[in-house]
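Asks: I need the structure of the sequence given here:
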Amino acid sequence: MRVFQFALLCLALFIQYRLWFGHNGVQDYTRLKQAVTSHQDANAKLLKRNKVLKADIQDLKLGQEGIEERARNELGMIKPGETFIRVLPGQQQNEH
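Replies: All right, here's what the predicted structure looks like:
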């Protein structure tokens with residue numbers, strides 16, 4: 001009877017070891033869960049970026065205002081006879 005109890009104890013210890021430290025055990029589960037969470041966060045950021053890009057595309061397809069805004073901001077273009085004034089933020093001086 002002692003041998004049977006010892007065998008059951010060894011089997012239980014082996015199963016517990018495999019559960020906590022073995023392949024597809026708790027450690028693998030937590031590692032994969034963290035990886036899934038980080039991928040979901042990255043996908044959410046990419047979805048937001050895609051929505052912004054789709055809105056830009058629609059804006060460019062629908063009217064000249066979007067094209068003109070991009071030309072002004074990204075390329076620094078101005079219309080003939082137009083004066084472009086850029087105001088840069090200055091450094092604030094502390095009065096003592």
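Asks: now do the contacts for the residue nearest to D59 when sequence neighbours are not counted.
Replies: Of all residues not flanking D59 in the chain, G66 sits nearest, at 3.7 Å (C-beta to C-beta, 6 or more residues apart in numbering). No exception for glycine: its C-beta is placed from N, CA and C like everyone else's. G66 sits next to D56, D59, L60 when contact means C-beta atoms under 8 Å, 6 or more residues apart in numbering.
Asks: now do the same for the residue most central in space within the chain: helix, strand or coil?
Replies: Centroid-nearest residue in the chain: A42, 2.7 Å away (criterion: C-alpha atoms, centre = their mean). Using DSSP: H, G, I helix; E, B strand; the rest coil, the structure places A42 in helix.
Asks: rewinding a little: let me know the pLDDT of the residue nearest to D59.
Replies: G66 is assigned a predicted lDDT (pLDDT) of 75.
Asks: I'd like the distance between E82 and G66.
Replies: Separation of E82 from G66 (C-beta to C-beta, to the nearest Å): 18 Å.
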